[in-house]
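Q: Show me how the following folds:
(chains A and B)
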Amino acid sequence: MKTAFYPGCVAKGGAPELYRSVRLVSEPLGITPVELMDAACTGAGVLTERNPLLADAINARTFAMAERSGLPIMTICSTCTGTMLECNLRLQDPAYRGRVNELLAPEGLEYRGTTEIRHLLWILVEEIGLERLGALVRRPLQGLRVAPFYGCYIVRPSNRVSADHPDRDHYLEAVIACLGATAVEYEGARKCCGFPITTMNRTNALRMTGKHVAEAKDQGADVMVTPCPLCHLELDGQQSEASGVLGRPLGLPVLHLPQLLGLALGFSAEQLGLRSHLVHVGDLVGK
Amino acid sequence: MDVPDYGTVLDALLAIREGVDETLTLRCSCRSHICGSCVMKINHRSALACKTKLQAAQERAGSGHPIVVQPAGNMPVIKDLVVDLEGLWSKVRAVDPYLQPTGPVPEREYIVSNEAMLNVREATACILCGACMSECTVLEVDDRFLGPAPLAKAWRFTEDPRDGADRARLEALSQPGGVWDCTHCFQCVEVCPKDVRPMDRILELRRRAMAEGFTDNNGSRHSQAFVDSIGSTGWLDETRVAMRSTAGLRELRGWVGVGWRSFVRGKVPLRHRPIPGAMHVRAIFQRAAANDPPRQVRRREQ
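A: You can find the predicted model right below:
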C-alpha cells in the first residue's frame, strides 16, 4: 500500500535509527512510504495549547498535501498521531475548515477534510493483518519477553482514538505475539512516560520512567517496545538518570516498534541501528 | 447473588454486603451518579460504581474473567473500598474555590450573561468524586501536584466574569505543583464521569497564565521555544528547544550526561535545516496570530 509518510521531527532528528528502520521494514511489509518532505511539525499538543487555530492550520497544511496525492498519512509517532487526529476532528466542521483554509490559500493549498491518519501500528493490524504479518516473519522472536509501551496519545482519549477500533489499546501485544515473542503484562504499559514534563519537573518525569521500566523488568521483560519516539527519548535516553532517582539498577533496552519488526523480518542489529540506543541492547534474537 | 445484568457494579457490591460479607465497606449514597461517593477502580480504571453496568464491566474484564474491583488510587485506603479524600479536599481549598469579586458591591445580586456562564457550565458539573485524582499519573509519583479536579475548579473561577482575582490565581497556579506539572496524559479526561475535561482546563490555564505574563518558569520557556522553533524552521530543533527550556546554566549541568551520551551515539543533529516551505509556515504563523490573537486580560462584564 502507498502512504503519505509523515516521519515526525524526532525520527528526522534525535532518533535517526527510527527513520532508518521504518525505511527498511516498509518493503517486506508492502508499504510504499512517499515522504511528505515539506510537512511541518504537528506541534505535539504544545502548539494547540498556545493557539488552536494556528495548530489546526499547520496540520491542515500537511493534510492538504496528503489529500492532493490521494494517500492516507502514515505516522510512526504516538504523539504526532494523536495531535493530528485532534486537529483533523476539528477540521471536519466545514465552516471552521473554511476559516483555516483562508490561512492556507496564499500557498495554493486547500484542505477538503478527507485525509486519514494511520499509525504504522494500526496499519500492521488493520491493513496488513496479523496473519500476513506472521507469514512474513523470517526469524521468530521465540523466548523474547517484550514489554509494550504505547504512549498516551495513541490510546487516549479513547472516543477519538479507538471509537471504531476498540482493541487498539491491545495492538502492541497482538503484534508482539505475532512476531513470535511473548508480551509482558505490567501496570504502566498505557501510562505516561514522563517526557512531556521532562524540562518542567524532571524528578517527576524520571520517577515515572523508572517506575514503568522497573515494573516491566520485575515482570521479566527482556526488552521494551514503543510506537512513540518521544517515549523512547525518555525511556531509553533518561533511563540511567531514572535509575539514580529510583535507587535501583534498571538497564532495560527500549526498541522502536519498527526495530522489533525488523528483527523478526530478518534484518540485523546494525541495519536497524540498535547500537545507537543509550541503554545497551544485547543479543535479542539469540534468546 | 440475584443481580440482573442490567444492574450496576454498585448493585452487586451491595448484594455482596447484604448476602455474603456484611463487613464489606464502601461509600455510596445517591445511586444516580450525582453524589460522587462510589468512585473506585473497576477493572483497573477509575469509575463510579453506580454508573458502571455489570454487563459492560464483564465485557471489559473479558468473558470468564472476574470483574476486578479495587479502592481508588493515589489516596490512602481506610478500609476495603473506602479511601481518605482529605488530599482532594485540601487541594480544592488551596485554589480558593470561591468568588473574589472586586469593585463596588452591587445593591442586589451580581448580574452575568447566560453566555458567560455557559462557558463554565461543563466545569461546574464536577461532582468532586475524585476519579481524576485516582487516575492521575503525576499524583502517582508526586503528592504535591494540585491535580485535575482542583485545577478544573480553579479554571472555573478564572473564567467567571464576577471574579476579580484572575491574576493572583494564575500567578499561584504557575508555581511548582501547579499547571505546568500536568503531563497531558488524558487520563483525567478519559475517566471523568461528568465530561469536565480537567486536562483541557489545565492547558487553558497555562495559556492564560502566559498571556498574563507569568512566564518565569520552565513550562513557559519550553512552550515559547517550541513555538518559536516551528515558526522559524517549520519543525523542531530539539537541542535548541531543550536548552531554551531550562532556567540557566546550573540546571543545564544536569543534562550534560544525557547530552554527551546522545551526542556520542549520533543522536544530536549538528545542523537543523528549515523545511522547504518554512516561509509558508512562518506566513501562517503571522496570519493566525492576526486572526486569533492570544487573549490578554479578560474584560469583566461589570
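Q: Please enumerate the strands of the stretch 151-287 of chain A.
A: Using DSSP state E, counting those that start in this stretch, the strands found in the stretch 151-287 of chain A span residues A:182-183, A:223-226, A:254-256.
Q: list the helices and strands the second one packs on?
A: On a contact count with 3 or more CB pairs under 8 Å, 6 or more residues apart in numbering or on different chains; DSSP states H and E, strand A:223-226 meets strand A:145-148, helix A:229-235, strand A:254-256, helix A:257-264. No exception for glycine: its C-beta is placed from N, CA and C like everyone else's.
Q: So for stretch A:70-87, mean pLDDT?
A: Averaging pLDDT along stretch A:70-87 gives 97.
Q: do the same with stretch A:277-287
A: On average, stretch A:277-287 scores 86.
Q: Report the helix or strand with the lowest average pLDDT across chain A.
A: In chain A, no helix or strand scores lower on mean pLDDT, DSSP states H and E than helix A:46-50, which sits at a mean of 91.
Q: Quick check: which helices or strands does that helix pack against?
A: Judged by 3+ CB pairs under 8 Å, 6+ apart, helix A:46-50 is in contact with helix A:52-69, helix A:78-90, helix B:198-211, helix B:218-233.
Q: just for the chain, where's the confidence low?
A: I'll assume chain A. Scanning chain A with the threshold set as pLDDT under 70 gives A:286-287.
Q: should've been chain B
A: Checking chain B against pLDDT under 70 turns up B:291-302.
Q: So A:Met224 versus A:Ala269, what's the distance?
A: 16 Å (CB to CB, to the nearest Å).
Q: Repeat that for A:Glu187.
A: For A:Glu187, the distance to A:Ala269 equals 30 Å [CB to CB].
Q: Look at those two and report which has more neighbours.
A: Taking neighbours as other CB atoms under 10 Å in any protein chain shown, A:Glu187 and A:Ala269 compare with A:Ala269 leading, 16 against 13.
Q: Touching, that one and A:His277? I think so.
A: No - A:Ala269 is not in contact with A:His277 according to CB atoms under 8 Å; the separation is 10.4 Å.
Q: residues in contact with residue 30?
A: By default, I'm working from chain A. A:1, A:128 (CB atoms under 8 Å, 6 or more residues apart in numbering or on different chains).
Q: Chain B was what I was after
A: Contact analysis of B:Cys30 by CB under 8 Å, 6+ apart lists B:37, B:50.
Q: so what are the domain limits for chain B?
A: Domain assignment of chain B by automatic domain parsing yields the ranges B:9-83, B:86-101+B:112-211, B:218-289.
Q: Would you point to the one among those domains that's packed deepest?
A: domain B:86-101+B:112-211 (a mean of 20; mean count of other CB atoms under 10 Å in any protein chain shown).
Q: anything in it near chain A?
A: Yes - counting by CB under 8 Å from any CB of the partner chain, chain A has neighbours in domain B:86-101+B:112-211: B:137-138, B:140-142, B:145, B:176, B:180-187, B:189-190, B:203, B:206-207, B:210.
Q: end to end, how far does that domain reach?
A: Across domain B:86-101+B:112-211, the terminal residues are separated by 33 Å (CA to CA, to the nearest Å).
Q: With stretch B:95-110 instead?
A: First-to-last residue span, stretch B:95-110, CA to CA: 22 Å.
Q: Pull the residues that contact stretch B:255-265.
A: By CB under 8 Å, 6+ apart, the list of residues contacting stretch B:255-265 reads A:14, A:237-238, A:240-241, A:275-278, B:242, B:246, B:268.
Q: ok now that stretch, how far from the chain's centre?
A: Computed by CA atoms, centre = their mean, to the nearest Å, the chain-centroid distance of stretch B:255-265 equals 33 Å.
Q: likewise stretch A:29-40?
A: Chain-centre distance of stretch A:29-40: 15 Å, with CA atoms, centre = their mean.
Q: Not counting its neighbours along the chain, what's nearest the residue in the stretch 1-150 of chain B that chain A sits nearest to?
A: Closest contact between the stretch 1-150 of chain B and chain A, by CB to the nearest CB, is at B:Val141 (3.8 Å). Nearest residue to B:Val141, sequence neighbours excluded (CB to CB, 6 or more residues apart in numbering or on different chains): A:Arg207, at 3.8 Å.
Q: Thought A:Gly194 was touching the one you found, still the case?
A: Yes - using CB under 8 Å, A:Arg207 is in contact with A:Gly194, at 7.3 Å.
Q: any idea whether the nearest residue to B:Thr102 once chain neighbours are set aside is helix, strand or coil?
A: Counting by CB to CB, 6+ apart, B:Gly164 is the residue found nearest to B:Thr102 once chain neighbours are left out, at 3.1 Å. For B:Gly164, the assignment made with DSSP: H, G, I helix; E, B strand; the rest coil gives coil.
Q: do A:Ala4 as well
A: strand.
Q: Roughly how far does it sit from chain B?
A: 15 Å (CB to the nearest CB, to the nearest Å).
Q: List the contacts of that residue.
A: Contacts of A:Ala4 (CB under 8 Å, 6+ apart): A:34, A:36, A:65-66, A:69, A:71-74, A:115.
Q: give me that answer again for 6 Å
A: By CB atoms under 6 Å, 6 or more residues apart in numbering or on different chains, the residues touching A:Ala4 are A:34, A:36, A:66, A:69, A:71, A:73.
Q: which of these count as buried?
A: Buried by 16 or more other CB atoms under 10 Å in any protein chain shown: A:36, A:66, A:71, A:73, out of the contacts of A:Ala4.
Q: if we can go back for a sec, what's the closest of the contacts of A:Ala4 to chain B?
A: A:Leu36 (9.7 Å).
Q: check the contacts of A:Ala4 against chain B, which are close?
A: Counting by CB under 6 Å from any CB of the partner chain, nothing from the contacts of A:Ala4 sits close to chain B.
Q: Which residue comes closest to the residue of chain A most remote from its centre once chain neighbours are left out?
A: Centroid-distance maximum for chain A: A:Pro106 at 32.4 Å, with CA atoms, centre = their mean. Nearest residue to A:Pro106 in three dimensions, chain neighbours excluded: B:Ala283, at 6.3 Å (CB to CB, 6+ apart).
Q: Specify the local secondary structure of the one you found.
A: Here B:Ala283 is recorded as helix under three-state DSSP.
Q: thinking again about what came up before, nearest to chain B, out of the helices and strands packed on strand A:223-226?
A: That would be helix A:229-235 among the helices and strands packed on strand A:223-226, by CB to the nearest CB, at 8.4 Å.
Q: How many residues are close by the residue lying closest to A:Met208 once chain neighbours are set aside?
A: Using CB to CB, 6+ apart and skipping the chain neighbours, the partner closest in space to A:Met208 is A:Gly194 (3.5 Å). Neighbour count of A:Gly194, defined by other CB under 10 Å: 29.
Q: isn't A:Gly194 right up against A:Glu234?
A: Yes - using CB atoms under 6 Å, A:Gly194 and A:Glu234 qualify as a contacting pair, with a distance of 5.5 Å.
Q: intersection of neighbour lists for these two?
A: Joint contacts of A:Gly194 and A:Glu234 (CB under 6 Å, 6+ apart) are A:Thr209.
Q: about what we covered before: filter the contacts of stretch B:255-265 down to the buried ones.
A: In the contacts of stretch B:255-265, burial by neighbour count holds for A:14, A:237-238, A:240-241, A:276-278, B:242, B:246, B:268, counting by 16+ other CB under 10 Å.
Q: So which residues of chain B form strands?
A: Ranges of strands in chain B, per DSSP state E, are B:39-42, B:45-48, B:69-70, B:77-79, B:82-83.
Q: Output these in JSON lines, with distance to chain A appended to each entry.
A: As requested, the strands of chain B are exported to JSON lines (distance: least, CB to the nearest CB, whole Å):
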{"stretch": "strand B:39-42", "distance to chain A": "12"}
{"stretch": "strand B:45-48", "distance to chain A": "10"}
{"stretch": "strand B:69-70", "distance to chain A": "12"}
{"stretch": "strand B:77-79", "distance to chain A": "17"}
{"stretch": "strand B:82-83", "distance to chain A": "18"}
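Q: quick one, which of these is nearest to A:Pro94?
A: Among these, strand B:45-48 comes nearest to A:Pro94, with 35.7 Å by CB to CB.
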